[in-house]
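Engineer: just need the structure, nothing else, for what follows:
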Amino acid sequence: MLGTAAGGGLPQWNCGCTGCETARRTGATRSQDCLALSADGTAWYLVNASPDLRSQLLTTPELAPPPGTRDTPLRGVLLTSGELDHTLGLLTLRESAGLTVHATAPVRAALHDAFPAGPVLARYTSVHWHTVAPGEPFELAGGLVAEPLALGGKRPRYAADLPALPADGRSPQPPGDRTDWVIGYRFTEAEGRATAVYAPGLAAWTPAVDRAVAGADVVILDGTFATDDELAAHTAGARTSRGMGHLAVADSLPHLARRPGPRYLYTHLNNTNPLAHPGSAQAHALAPALAAAGAAVAEDATLLEL
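Structural biologist: I've put the predicted structure just below:
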């Protein structure tokens, strides 16, 4: 778990709220959402590329280059969305000898048009873009299988004017009508010995999420907001959690409680989320519900071995 915060991190650089001030004072910081995973300990993949990626890589020994080389165990990046907090780190990887980026069709289009990270990277290194689609598994090096699942149609603000995209290779579909702007992944070892689900963006609990969770060893879910009205309580006129494409922790916990078995962790915590501040009264009040569902809050630098 390279990073577990939502966009802006904790503390956010321009925020003086109680939570951010506490984080500054205590050093209880979080970097922005990013995961590194491997099936064999040799070939590693990033899920998302956060703006904090350089410091995240430098503090992760498994991702360091062998002494005397400019090689790296990093083989590619899988994107769960086109949001800036998931894609800005791609530019940090421009020194790599080569890179594979996995993204859905709308995200790939956004990164070649509205935010042209693709063309920029191509000036520095060789980049192979692989278009992924929900329900279509693909293999990664080291004995890993990734299956994308659609999680929502929220597109980044910078892509608001992106032209219509082909839905089936023939007819155009408006970007706002697609359901694969935000995806999650079910990762399975090729021999099926371990399974992890990563879904830092989750608009609603769907049958696809149910299927992905079934039989998983660990499920890492959207923990952006603790409650649906959390942001509105801090900022006048703010949208609800659902209105921003995020299922609040309080609304996803009942689903977890009905599906025991996996180890559940919440990531992508906003700076307003009391769960990002363990000593707060609100976090204490939510603790029994998390425990009853077999859930916990993910922390930066956590290593999970399945």
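Engineer: so what's Gly118 up against?
Structural biologist: Gly118 makes contact with Val101, Arg108, Leu111, His112, Val127, Trp129, according to C-beta atoms under 8 Å, 6 or more residues apart in numbering. For every residue, glycine as well, the C-beta is placed using N, CA and C.
Engineer: for PyMOL, what selects the buried ones among those?
Structural biologist: Buried residues among these (16 or more other C-beta atoms under 10 Å), as a PyMOL selection:
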select buried, resi 101+108+111+127
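Engineer: a markdown table for the contacts of Gly118, including pLDDT, secondary structure and distance to Leu162?
Structural biologist: As requested, the contacts of Gly118 are exported to a markdown table (pLDDT from 0 to 100; DSSP: H, G, I helix; E, B strand; the rest coil; distance: C-beta to C-beta, whole Å):
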| residue | pLDDT | secondary structure | distance to Leu162 |
| --- | --- | --- | --- |
| Val101 | 98 | strand | 18 |
| Arg108 | 96 | helix | 11 |
| Leu111 | 97 | coil | 11 |
| His112 | 96 | coil | 10 |
| Val127 | 97 | strand | 20 |
| Trp129 | 98 | strand | 16 |
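Engineer: ok, of the contacts of Gly118, which one's closest to Gly41?
Structural biologist: Of all those, Gly41 sits closest to Val101, with 22.4 Å by C-beta to C-beta.
Engineer: how far away is the closest one from Arg94?
Structural biologist: 12 Å (C-beta to C-beta, to the nearest Å).
Engineer: equivalent analysis for Ser280, please.
Structural biologist: Distance, Ser280 to Arg94, using C-beta to C-beta: 40 Å.
Engineer: quick check: Leu88 is in a helix.
Structural biologist: Yes. Counting by DSSP: H, G, I helix; E, B strand; the rest coil, Leu88 is located in a helix.
Engineer: ok, and the closest non-adjacent residue to it?
Structural biologist: Pro51 (4.3 Å; C-beta to C-beta, 6 or more residues apart in numbering).
Engineer: with Arg24 instead?
Structural biologist: Nearest residue to Arg24, sequence neighbours excluded (C-beta to C-beta, 6+ apart): Pro11, at 5.2 Å.
Engineer: that neighbour is in contact with Thr26, isn't it?
Structural biologist: No. Contact criterion C-beta atoms under 8 Å: Pro11 and Thr26 do not qualify, at 10.2 Å.
Engineer: so between the two, which is more surrounded?
Structural biologist: Shown here are Pro11 and Thr26; by other C-beta atoms under 10 Å, Pro11 has more neighbours (21 against 10).
Engineer: tell me how far the more buried one lies from Thr22.
Structural biologist: 8 Å.
Engineer: next: Ala238.
Structural biologist: 21 Å.
Engineer: relative to Val219, how far out is Arg25?
Structural biologist: Taken as C-beta to C-beta, the span from Arg25 to Val219 is 33 Å.
Engineer: more crowded one of these two?
Structural biologist: Val219 (25 against 9).
Engineer: surely the more buried one touches Pro260?
Structural biologist: No. In this structure, Val219 is not within contact of Pro260 by C-beta under 8 Å, at 11.4 Å.
Engineer: ends of stretch 299-306, how far apart?
Structural biologist: End-to-end distance for stretch 299-306, by C-alpha to C-alpha, to the nearest Å: 17 Å.
Engineer: wait, doesn't Asp229 sit right on Thr240?
Structural biologist: Yes. Counting by C-beta under 8 Å, Asp229 does reach Thr240; the two are 6.0 Å apart.
Engineer: phi first, then psi, for the closest residue to Trp181 other than its chain neighbours.
Structural biologist: Computed as C-beta to C-beta, 6+ apart, the closest residue to Trp181 that is not its neighbour in sequence is Arg155, at 4.7 Å. Here is the backbone geometry of Arg155 (degrees, to the nearest 10): phi -100, psi 160.
Engineer: what of the one 5 residues further on?
Structural biologist: Per-residue torsions, Ala160: phi -60, psi -30 (degrees, to the nearest 10).
Engineer: and Ser126, by the same measure?
Structural biologist: phi -90, psi 120.
Engineer: which element, helix or strand, includes Val145?
Structural biologist: Secondary structure assigned from DSSP states H and E places Val145 in strand 144-152.
Engineer: may I have that strand as CSV, with CA atoms only?
Structural biologist: Extracted C-alpha coordinates of strand 144-152, given in CSV (Å, rounded to 0.1, in the frame of the first residue of the first chain):
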residue,chain,number,x,y,z
LEU,A,144,-0.7,-12.7,-12.2
VAL,A,145,-4.2,-12.4,-13.8
ALA,A,146,-6.1,-9.1,-13.7
GLU,A,147,-9.8,-8.9,-14.3
PRO,A,148,-11.3,-5.3,-14.6
LEU,A,149,-14.7,-4.5,-13.2
ALA,A,150,-16.8,-1.4,-14.0
LEU,A,151,-17.4,0.8,-11.0
GLY,A,152,-18.8,4.1,-12.3
